[in-house]
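Visitor: give me the fold of what follows.
(chains A and B)
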2 protein chains.
Amino acid sequence: MDKNIFRNLSYGVYVVTTMDGMRQTGCVANSCMQITSDPAVVAVSINHDNYTNKCIKESKSLAVNILTENADMTLIGNFGFQSGKDVNKFENIPFEWAYGNPVLKDSTCGYFAGDVIGSYETGTHTVFFVEIKDAEVKSGTPMTYAYYHKVKNGKSPKNAPTYLPEEKDEKETPGKKWVCSVCGYIYQGDIPFEELSEDFVCPVCKQPKSVFEQK
Amino acid sequence: MDKNIFRNLSYGVYVVTTMDGMRQTGCVANSCMQITSDPAVVAVSINHDNYTNKCIKESKSLAVNILTENADMTLIGNFGFQSGKDVNKFENIPFEWAYGNPVLKDSTCGYFAGDVIGSYETGTHTVFFVEIKDAEVKSGTPMTYAYYHKVKNGKSPKNAPTYLPEEKDEKETPGKKWVCSVCGYIYQGDIPFEELSEDFVCPVCKQPKSVFEQK
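Guide: From the prediction side, this is the model:
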C-alpha cells in the first residue's frame, strides 16, 4: 500500500477557532468538508493532541476561517506550530466575533461558525459535525493545501493526518541552507545565519535559533 | 448567513466505487478527507439518494478513485449524472480490482480502497469512515473541484452538499447557447443544434435532446 496516495487528496488551509473558557484559541486544519446543504452541516477533523480539540469539546462551538493565498506564513506558524495550552495565540491577532467565536479580521476570504451537533472518534482525531449558524464571505482566493506546499513551501505539523516524512530532494546541494527542524522554514535573510543574534526565533513557529539545522 | 461561503472550501473530484452484489457500481463525490495516518482512515460523504450509498452499506467496502485534470467529462457524466440503479455504469469503463472493489484504469492519479469501519448519519448524507487496505499511486495532476468548475465548466448534481443554484452571468448574451438542463453541458458542435438528429443525447449525462434549453 502506497501511502503517498493521500498526497493526491485536495484540501484547503483553515484556522479553526473556538473559546477556551473566556480566552480565544484555535489551530490550523486542512480536513474540513461540507456534509449537508440545508441545514448547512460541516465536518472538521482535529487531532486529540491539539489543545483546540479539548476546547471545542467544552465550548461545543467553533468557527472555520478560510485562509487566502496571500495569508502570511507567520499566521500559520502562530496557529499551527505552537500550542494554545502554552500561549495566547490571539495576542497579536486582530479578530471580531461570530456566533460566540473569535474570527480573524485579516488573511481570510470568509468564515463560518456554529454549534457542534455530533462527533466521531478515531484513534488520533475527532471529527466534529457542526451546524453552521453564521457565515460571511470576504474577498480573496482560498489557499489550497497544494498551494501552501508548492508555492509557500509550507510543512505539515506531525499530528496532521496528511503528515508524511518529507522526500529528500537529491538535486539540492547539502549544507547550503538553514532549515527550521520544527516547521521547515528556510532562512533566506541577508545576514548570514551564523551571524544572527542568539535571540533569533523562527518567524513561522517561534522556535529558537538552536532548532535550525544546516541541510 | 451567506451560504456562498461554502464555495470557498477546497475539494477534489473522486469516483467512489463499490460492489452492488456481483455488479460494479459507483458515483462521483468531492467530500473526501483523510482522518488518521496510522492506520490510514478516510472519511467519504455520500448522499442517501445515491444508489451507491445503499451498496456501500451492504458491501461495507469501497474504493476512492482520484480523477486527474485531464479526465474526460463523459466519465463524470457516466458516474455523476445517472443512477447505478438504472444502468450498469461500468459497461464501457476499463477497470481492475482493488481490495474487492472495481477501480478505474484510466483518468486517475491513483486510488485507495478498504473496509467501512464506521459511519455518521446526517439528514441527507452518510459519512463513511474507511480503513484503507490497498492503495496505488499513478501519474497525473489531481483535479480539484475548483478546476472542474472553472476550467472544465462542470456542474454539481442537485444532491451534492456543495450544490448551489448557478449565478446568472449577466455578460452572456441569452439565446445563443444550447445547455443541458440536467448537467449543464454546453453544446459546441459544428452542426447547428436544431439540425442534430432526435437520437442525440448529452455526451456528459446521456439525457435526450429534449432536455436541452436555449440560454
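Visitor: domain assignment for chain A?
Guide: Split into domains by automatic domain parsing, chain A comes to A:3-150, A:172-215.
Visitor: please name the residues that touch the closest residue to A:Asp72 other than its chain neighbours.
Guide: Of all residues not flanking A:Asp72 in the chain, A:Ser107 sits nearest, at 6.4 Å (CB to CB, 6 or more residues apart in numbering or on different chains). Quick note: C-beta positions are derived from backbone N, CA and C, even for glycine. Contact analysis of A:Ser107 by CB atoms under 8 Å, 6 or more residues apart in numbering or on different chains lists A:Leu67, A:Thr68, A:Asn70, A:Ala71, A:Asp72, A:Leu75.
Visitor: hmm, 10 Å instead?
Guide: By CB atoms under 10 Å, 6 or more residues apart in numbering or on different chains, A:Ser107 lies in contact with A:15, A:65-72, A:75-76, A:93-94, A:138, A:140, A:143.
Visitor: which of those residues fall within strands?
Guide: Among the contacts of A:Ser107, the ones falling in strands (DSSP state E) are A:Val15, A:Asn65, A:Ile66, A:Leu67.
Visitor: what's near enough to touch the first one?
Guide: Looking back up the chat, that one is A:Val15. A:26-29, A:52, A:63-67, A:71, A:75-76, A:78-80, A:89, A:93, A:102-104, A:107-108, A:111 are the contacts of A:Val15 under CB under 10 Å, 6+ apart.
Visitor: over to the second one?
Guide: Taking CB under 10 Å, 6+ apart, we find A:Asn65 in contact with A:13-17, A:26, A:28-29, A:71, A:75, A:79, A:95, A:98, A:101-113, A:138.
Visitor: what's the distance between the residue nearest to A:Asp72 and chain B?
Guide: 13 Å (CB to the nearest CB, to the nearest Å).
Visitor: do you know the pLDDT at that residue?
Guide: Here the pLDDT value assigned to A:Ser107 is 94.
Visitor: excluding chain neighbours, what is closest to A:Asn148?
Guide: No, residue A:148 isn't Asn; it's Tyr. Closest residue in space to A:Tyr148, ignoring its immediate chain neighbours: A:Gly154 at 4.1 Å, by CB to CB, 6+ apart.
Visitor: got a pLDDT number for the one you found?
Guide: A:Gly154 is given a pLDDT of 70.
Visitor: check A:Gly100 too.
Guide: 95.
Visitor: what does A:Pro165 give?
Guide: For A:Pro165, the predicted pLDDT is 57.
Visitor: got phi/psi on A:Val28?
Guide: phi -90, psi 140 (degrees, to the nearest 10).
Visitor: try A:Gly184
Guide: Dihedral angles (degrees, to the nearest 10) for A:Gly184: phi 90, psi 0.
Visitor: if I pick A:Asp206, what's in contact with it?
Guide: Quick fix: residue A:206 reads Lys, not Asp. A:Lys206 makes contact with A:Thr74, A:Gly77, A:Asn78, A:Phe81, A:Gln82, A:Val87, A:Cys180, A:Val182, A:Cys183, according to CB under 10 Å, 6+ apart.
Visitor: mind listing which of the residues you listed are in strands?
Guide: If you go by DSSP E, the contacts of A:Lys206 have A:Cys180 in strands.
Visitor: from the contacts of A:Lys206, list the buried ones, please.
Guide: Neighbour-count burial (16 or more other CB atoms under 10 Å in any protein chain shown) is assigned, among the contacts of A:Lys206, to A:Gly77, A:Asn78, A:Phe81, A:Gln82, A:Cys180, A:Val182, A:Cys183.
Visitor: and these as JSON lines, adding distance to A:Glu58 and pLDDT?
Guide: Formatted as JSON lines, the buried ones among the contacts of A:Lys206 follow (distance: CB to CB, whole Å; pLDDT from 0 to 100):
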{"residue": "A:Gly77", "distance to A:Glu58": "26", "pLDDT": "86"}
{"residue": "A:Asn78", "distance to A:Glu58": "22", "pLDDT": "88"}
{"residue": "A:Phe81", "distance to A:Glu58": "23", "pLDDT": "84"}
{"residue": "A:Gln82", "distance to A:Glu58": "20", "pLDDT": "83"}
{"residue": "A:Cys180", "distance to A:Glu58": "32", "pLDDT": "84"}
{"residue": "A:Val182", "distance to A:Glu58": "28", "pLDDT": "78"}
{"residue": "A:Cys183", "distance to A:Glu58": "28", "pLDDT": "77"}
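Visitor: these in helices, which ones?
Guide: Using DSSP state H, the subset of the buried ones among the contacts of A:Lys206 located in helices is A:Gly77, A:Asn78.
Visitor: need the buried ones among the contacts of A:Lys206 in TSV with distance to chain B, can you?
Guide: Output for the buried ones among the contacts of A:Lys206, formatted as TSV (distance: CB to the nearest CB, whole Å):
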residue	distance to chain B
A:Gly77	21
A:Asn78	21
A:Phe81	18
A:Gln82	21
A:Cys180	22
A:Val182	19
A:Cys183	18
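Visitor: tell me which two in the buried ones among the contacts of A:Lys206 are the farthest apart.
Guide: The largest separation in the buried ones among the contacts of A:Lys206, counting by CB to CB, is between A:Asn78 and A:Cys180 at 14.3 Å.
Visitor: what's the closest non-adjacent residue to A:Lys215?
Guide: A:Val179 (4.9 Å).
Visitor: any stretches of chain A with poor pLDDT?
Guide: Along chain A, segments meeting pLDDT under 70 span A:152, A:157-158, A:162-175.
Visitor: ranges for the helices of it?
Guide: A:51-59, A:73-80, A:145-150.
Visitor: quick one: the shortest one to chain centroid distance?
Guide: Centroid separation between helix A:145-150 and its chain, computed with CA atoms, centre = their mean, to the nearest Å, is 12 Å.
Visitor: again with the longest one
Guide: Remark: helix A:51-59 is offset 16 Å from the chain centroid, using CA atoms, centre = their mean.
Visitor: could you pull out the buried residues of that helix?
Guide: A:Tyr51, A:Thr52, A:Asn53, A:Lys54, A:Cys55, A:Ile56, A:Ser59.
Visitor: who does that helix touch, helix- and strand-wise?
Guide: strand A:14-20, strand A:23-29, strand A:41-47, strand A:61-67, strand A:108-121, strand A:125-137 (3 or more CB pairs under 10 Å, 6 or more residues apart in numbering or on different chains; DSSP states H and E).
Visitor: now the angle from that helix to strand A:41-47?
Guide: Computed by axes from the mean of the first three to the mean of the last three CA atoms, to 10 degrees, the angle separating helix A:51-59 from strand A:41-47 equals 130 degrees.
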